[in-house]
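S.K.: what's the 3D shape of this:
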Amino acid sequence: MATTTEPSTGSRSRGSEDYPLSPVPEAARRSLISLAPILVGFTLYSGTLFAGGLVGPSFQFWPNLVGLIVIGNLILGLYAALLGYIAGKTGLSTVLMARFSFGNVGSRWVDFILGFTQIGWYAWGSALMAQLLNTLAGVPASWNWLIILFFTYAFCSTAYFGYKAMDWLSRLAVPAMVVLMAMSLSVASRDVGGFEGLQQAAIADPLPLGAAITIIVGTFVSGGTQATNWSRFAKTGKMGFIATLIAFFLGNGFLIFSGAFCAKVYGEPDIVQVMAQQGLLVGGLVLFFLNMWTTQDNTIYAFSIAGSNMFRSSRRTLFVLGGATIALLMAWGGIYEMLVQYLILLGTFIPPIGGIVMADYWIYRRGQFPALDDPQPAFNWAGVIAYVGSSAIAYLTGQADWGIVPINGVVSALVLYVVLSRVLPSARSAV
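M.R.: Have a look, this model is predicted:
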């Protein structure tokens, strides 16, 4: 297991900052009961409902739609869980693992693309809070600047205090969200006439199977790549695998199912809007608030980990506040209208990172990372070239509607890295 220290800070400081530049020590590791709610809360994200809404109307409920949701989320869950295993085994986040597979300088590209994606989604979430209150609560749009300001900093409070605060929030919020969503789905099932009504629901123009799975996997694959920020706290690699699989297979799958179900019944994937139609407006607002908070704090936390590694600073909390401020300016500048599609496009370029990290750990290094303070090359050219090539493959296959784009990126990255790490062995000498 990789072991190192941060010479510039004491152990107490590292603990309060959640070890952004070092492995999580054994004394700070957490149980499955602690890990699973945090990861599930991360996956219970409103954007996933809309992904389910895109897929649901195009397929008959049973067995087509249900089977599709199971397959798509199993792919996503296994991808995230394999990274979760490495994180639990080593105590490292994805951005720290990337130092070995991309090089000491090359890993900063990983910091940038993961951090920028998360800060964009954080800004989008703050703007979405204002839009929801405009629509459902009748709050004047002239107040939006204040709403965005309040929620931008309110949602980052638990991320600022770190793992313990996020743990307690998730333990309370996740069960409440599941109960509220189950209530809404029960009403929807009654309204549509049960299983027979779902089977007889009209089917829209069918999506190609590959495109449907790409939507399911691609919507949260960037989050799966960064789930290691929490699975690194697992006591063992096996526990990191199980906690992450629970979150990304069951948690993300439940939200995809909910969005698809509501879209088939009401033509509306947003369960909050649906709950308003069902006469459950207060419950819908509570659900949305908890939904956004448990995802937003994970999002800004992920940005702080990436920022800490990029600048080699252990002051993670400063990156939480700085990232929230950047997101605030982006949200005030109209991020809700401009950036969502661009951020989704970035999902094409993130999965190859996970493929390269897994290939480096299991195939090249035989399941043993060196210590973080061991000298590393500025650029591991095998990783850099494999990333460029696999990203191009993922993008081009996406344009051609061929295969499952995130899987294309992961598999091609893994293969290219294995080949290049044998062809370019000299690139590994430290500089």
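S.K.: Tell me the helix or strand right after the lowest-mean-pLDDT helix or strand in the chain.
M.R.: Lowest mean confidence among the helices and strands of the chain (mean pLDDT, DSSP states H and E): helix 11-16, at a mean of 50. Remark: after helix 11-16, the chain's next helix or strand is helix 32-43, criterion DSSP states H and E.
S.K.: Show me what that next one is packed up against.
M.R.: Counting contacts by 3 or more C-beta pairs under 8 Å, 6 or more residues apart in numbering; DSSP states H and E, helix 32-43 packs against helix 163-192, helix 228-231, helix 237-245, helix 281-311. For glycine as for every other residue, the C-beta is placed from the backbone atoms N, C-alpha and C.
S.K.: Sketch out the low-pLDDT regions of the stretch 1-150 of the chain for me.
M.R.: For the stretch 1-150 of the chain, the stretches flagged by pLDDT under 70 are 1-16.
S.K.: Show me where it has its strands.
M.R.: Secondary structure of the stretch 1-150 of the chain (DSSP state E, counting those that start in this stretch): no strands present.
S.K.: wouldn't Pro351 be in contact with Val411 here?
M.R.: No. With contacts counted by C-beta atoms under 8 Å, Pro351 stays clear of Val411, the gap being 9.4 Å.
S.K.: For Ser231, give me its contacts.
M.R.: The contact partners of Ser231, by C-beta atoms under 8 Å, 6 or more residues apart in numbering, come to 35, 39, 83-85, 87-88, 240, 243-244.
S.K.: ok, Ala263 to Gln368 distance?
M.R.: Distance of Ala263 to Gln368, computed by C-beta to C-beta, to the nearest Å: 47 Å.
S.K.: Tell me which of these two has more neighbours.
M.R.: Ala263 (24 against 11; other C-beta atoms under 10 Å).
S.K.: For the strand or helix carrying that one, which helices and strands make contact with it?
M.R.: Using DSSP H and E, Ala263 sits in helix 252-266. Counting contacts by 3+ C-beta pairs under 8 Å, 6+ apart, helix 252-266 packs against helix 46-55, helix 66-90, helix 163-192, helix 194-200, helix 271-277.
S.K.: Could you export those as a markdown table, including distance to Arg422?
M.R.: Output for those, formatted as a markdown table (distance: least, C-beta to C-beta, whole Å):
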| stretch | distance to Arg422 |
| --- | --- |
| helix 46-55 | 38 |
| helix 66-90 | 21 |
| helix 163-192 | 39 |
| helix 194-200 | 52 |
| helix 271-277 | 49 |
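S.K.: wait, which of those helices is closest to Ala127?
M.R.: Of all the helices and strands packed on helix 252-266, it is helix 46-55 that lies closest to Ala127, at 12.1 Å by C-beta to C-beta.
S.K.: Give me the buried positions along that closest one.
M.R.: Neighbour-count burial for helix 46-55 flags 46-55 (criterion: 16 or more other C-beta atoms under 10 Å).
S.K.: Also stretch 26-34?
M.R.: The neighbour-count check on stretch 26-34 (16+ other C-beta under 10 Å) flags 28-30, 32, 34 as buried.
S.K.: tell me the contacts of Ile86?
M.R.: By C-beta under 8 Å, 6+ apart, Ile86 lies in contact with 92, 97, 228, 237, 240, 357-358, 361.
S.K.: Also Asn104?
M.R.: By C-beta under 8 Å, 6+ apart, the contact set of Asn104 is 376-378.
S.K.: Just the buried residues of those.
M.R.: 376-377.
S.K.: tell me the centre residue of this protein?
M.R.: Centroid-nearest residue in the chain: Gly223, 1.4 Å away (criterion: C-alpha atoms, centre = their mean).
S.K.: What is the burial count for the nearest residue to it once chain neighbours are set aside?
M.R.: In this structure, Gly223 finds its nearest non-sequential neighbour in Phe42, 6.3 Å apart by C-beta to C-beta, 6 or more residues apart in numbering. Burial of Phe42 is recorded as 30 neighbouring residues (other C-beta under 10 Å).
S.K.: Kindly provide the distance from Phe42 to Asn73.
M.R.: For Phe42, the distance to Asn73 - C-beta to C-beta - is 14 Å.
S.K.: just Ala123 next, same as before
M.R.: Taken as C-beta to C-beta, the span from Ala123 to Asn73 is 27 Å.
S.K.: ok, now Asn104?
M.R.: Asn104 is 35 Å from Asn73, by C-beta to C-beta.
S.K.: what does Ser308 give?
M.R.: With C-beta to C-beta as the criterion, Ser308 and Asn73 are 31 Å apart.
S.K.: same question, Trp402
M.R.: Distance from Trp402 to Asn73, counting by C-beta to C-beta: 22 Å.
S.K.: Tell me which of the helices and strands packed on helix 252-266 lies nearest to Val384.
M.R.: helix 66-90 (19.6 Å).
S.K.: Taking helix 32-43 as reference, get the angle to that closest one.
M.R.: 130 degrees (axes from the mean of the first three to the mean of the last three C-alpha atoms, to 10 degrees).
S.K.: Pull out the buried residues from helix 66-90.
M.R.: 68-73, 75-90.
S.K.: relative orientation of that helix and helix 46-55 in degrees?
M.R.: Put simply, helix 66-90 runs at 150 degrees to helix 46-55, going by the same axes, to 10 degrees.
S.K.: Please state the offset of helix 66-90 from the chain centre?
M.R.: Helix 66-90 sits 12 Å away from the centroid of its parent chain (C-alpha atoms, centre = their mean, to the nearest Å).
S.K.: quick thing: my sequence starts at 37, can you match it?
M.R.: All set: I'll call the first residue 37, so the last point we hit is now helix 102-126.
S.K.: could you give the angle of it to helix 273-281?
M.R.: 150 degrees.
S.K.: Contacts only, for the nearest residue to Thr261 once chain neighbours are set aside.
M.R.: Leaving aside its chain neighbours, Thr261 sits nearest to Gly390 (4.8 Å; criterion: C-beta to C-beta, 6+ apart). By C-beta under 8 Å, 6+ apart, the contact set of Gly390 is 115, 118-119, 130, 260-261, 446, 449.
S.K.: Check Pro387 too.
M.R.: Contacts for Pro387 (C-beta under 8 Å, 6+ apart) come out as 115, 257, 261, 430, 442-443, 445-446, 449.
S.K.: re the thing from before, tabulate the buried residues of stretch 62-70 in a markdown table, adding columns for distance to Ala422.
M.R.: Converted to a markdown table, the buried residues of stretch 62-70 look like this (distance: C-beta to C-beta, whole Å):
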| residue | distance to Ala422 |
| --- | --- |
| Ala64 | 33 |
| Arg65 | 32 |
| Arg66 | 33 |
| Leu68 | 33 |
| Ser70 | 35 |
